[in-house]
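Participant: Everything below, folded, please.
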Amino acid sequence: MATYAVNPDAVAHARRLIDARQYVLDSDWSEVQPDAEAQNAYLERHSWEDYANWHLGLTEGANEGTKARHAFVYGDLRRVHRTGLIACVYRASEWRHKEVELAAHDLLQHLDQVSG
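Facilitator: As a prediction, the model looks like this:
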């Protein structure tokens, strides 16, 4: 099983977006989660660093500059989705990636506090 480190830049990016009210509170994550085509289109216009900012986890041992390096996407590459954070909490919890789970949980709590 892969192991993941928390991506602190992604956590900070998500927090900035939440504070700027760049979020969606109610969405169907399976419909809005970026698919491979959306990710490729994003990478054509943005850097790997920008892409990494949308992923709360970094796959340990995976090469930089690859999609395999990035895990636990939390938004649609424009805004944070509450359902995306919930999915990150759930998936990280399911596979016992505690640090990622807690980072996603903290962001979810912050989003709920900011959105009232």
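
Participant: Could you confirm Ala38 falls within a helix?
Facilitator: Yes: assessed by DSSP: H, G, I helix; E, B strand; the rest coil, Ala38 belongs to a helix.

Participant: Which residue ranges of the chain form strands?
Facilitator: Secondary structure of the chain, counting by DSSP state E: strands at 4-6, 23-24, 55-59, 70-73, 80-81.

Participant: Name the strands paired with the third one and say parallel or antiparallel.
Facilitator: Taking DSSP bridges as the criterion, strand 55-59 forms sheet pairs with strand 4-6 (antiparallel), strand 70-73 (antiparallel).

Participant: Can I get those strands in JSON lines including mean pLDDT and distance to Arg45?
Facilitator: Just so you know, the C-beta spots here come from the backbone N, C-alpha and C atoms, and that holds for glycine as well. Formatted as JSON lines, the strands paired with strand 55-59 follow (pLDDT from 0 to 100; distance: least, Cβ to Cβ, whole Å):
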{"stretch": "strand 4-6", "mean pLDDT": "97", "distance to Arg45": "26"}
{"stretch": "strand 70-73", "mean pLDDT": "98", "distance to Arg45": "17"}
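
Participant: Deepest in the core, which of those is it.
Facilitator: Mean neighbour count, computed with mean count of other Cβ atoms under 10 Å, is highest for strand 70-73 among these, reaching a mean of 23.

Participant: Show me what that strand is in contact with.
Facilitator: By Cβ atoms under 8 Å, 6 or more residues apart in numbering, the residues outside strand 70-73 that reach it are 2, 4, 7, 33-34, 51-52, 54-59, 84, 88, 91-92, 100, 104.

Participant: That concludes my questions; thank you for your assistance.
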